[in-house]
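> Need the 3D shape of this:
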Amino acid sequence: ARTFWGTAVLDGMGAFTASINDNLASVVMGPIPLSETYTVAADRETVLFATDIVSYAGWTNASGTLAVTGSITPLSDPTALALIKRGSGFSLASLSGTYRFGAFGVFGAQTLSYFGTITFDGAGSFSISLGINNEGAVSPPSASAGTYTLAANGEVGLMFGGGDSFTGTMLPDGGMALLSGGTLNGEAPLGVAITPTTAGATDGTLTGTYQLIGIERDGGGYTSLTGSVVANGSGVLTASFTRNTDGAITTSGPDLLTYSVAADGTLTVDPLADMFVGGVSPTGDYAFLSGPSAAASNPKFFVLMRR
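Alright, predicted model coming up:
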């Protein structure tokens, strides 16, 4: 298993440079310089090219602040990749209150997903309560704590009391942060999403066409997904994906799923009783799902962005 994090500079004309760190099976490497290309169509469909060999297909949002993509090249590693444009004006106080938290990672031979809440004090500390799906064995929420950093440009750092550390970026509107790590040798590779809780959310908060990326445990291997999810605002999703299962590319869908959004923005999706849980941003532009919270179900993790 492998996670990536770093910075990328896009020139607006189809080329980008990047400086990337990665965690490969708890060994951290980098920074590694990259020079790659990309395309963005008129409808904002986006393709990133890595050394003109591996393609990552997805979408860029209307404001140009988030692009989400997944690997679609045969024989390529299953990969979900997001780019967030840095913002300004953030401080520790910008992270305050309770957020939904989801994560997916690999600890040795075990794949785990996490789901729960994280509460920031606005001054650099957090408390967290998480349930865990460990290869289908689901444990009830347990509590821990840690510290966080938030730079003016939106760069976020989470440091857990047990030693794990993650880095990422808050979207300029504060609606979601995506993080990756662990950033130190010996820490497990893990991806993280958080969204703020809200008040007065309904099923109608999640409405429209979304681009989804995700990663899931699939038998003895892994599958990454990229595709579209249409939310009707009344509890029904229609989903179609391109799937990369250990380098084998297939398509699936359209599939019908049911969902609900609680008043605080908690999102649940129930495909065949697996029960994913996550959060929707206050504007409904972003969401994530983790779990499932049902026993005997493979760990999965998804990020959604309104097109």
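> so how far is T202 from V269?
Distance, V269 to T202, by Cβ to Cβ, to the nearest Å: 15 Å. C-beta here means a position set from N, CA and C on the backbone, and glycine is covered the same way.
> what number of residues lie near the nearest residue to P282 once chain neighbours are set aside?
Excluding its sequence neighbours, the residue lying closest to P282 (Cβ to Cβ, 6 or more residues apart in numbering) is T198, at 4.2 Å. Using other Cβ atoms under 10 Å, T198 is surrounded by 22 other residues.
> Same question for L10.
Neighbours of L10 under the rule other Cβ under 10 Å: 18.
> Can you check the pLDDT for it?
Predicted confidence (pLDDT) for L10: 95.
> Okay, and the nearest residue to it once chain neighbours are set aside sits in which element?
Leaving aside its sequence neighbours, L10 sits nearest to F16 (Cβ to Cβ, 6+ apart; 4.3 Å). Applying DSSP states H and E as the criterion places F16 in strand 15-24.
> Give the pairing partners of the helix or strand that that strand is followed by; include direction for each.
Per DSSP H and E, strand 15-24 leads on to strand 27-40 as the next helix or strand towards the C-terminus. Sheet pairing for strand 27-40, assigned by DSSP bridges, gives strand 15-24 (antiparallel), strand 45-50 (antiparallel).
> Determine how far the last residue of stretch 185-198 lies from the first.
36 Å (Cα to Cα, to the nearest Å).
> show me the contacts for T98.
Counting by Cβ atoms under 8 Å, 6 or more residues apart in numbering, T98 touches T117, I118, T119, P196, T197.
> Next: S234.
Counting by Cβ under 8 Å, 6+ apart, S234 has contacts D203, G204.
> quick one: the strands in the stretch 101-250 of the chain?
Using DSSP state E, counting those that start in this stretch, the strands of the stretch 101-250 of the chain run over residues 110-121, 125-134, 137-150, 155-160, 165-170, 177-181, 190-196, 207-218, 221-232, 236-245, 248-261.
> nearest to D285, of the ones you listed?
Of all these, strand 207-218 sits nearest to D285, with 9.0 Å by Cβ to Cβ.
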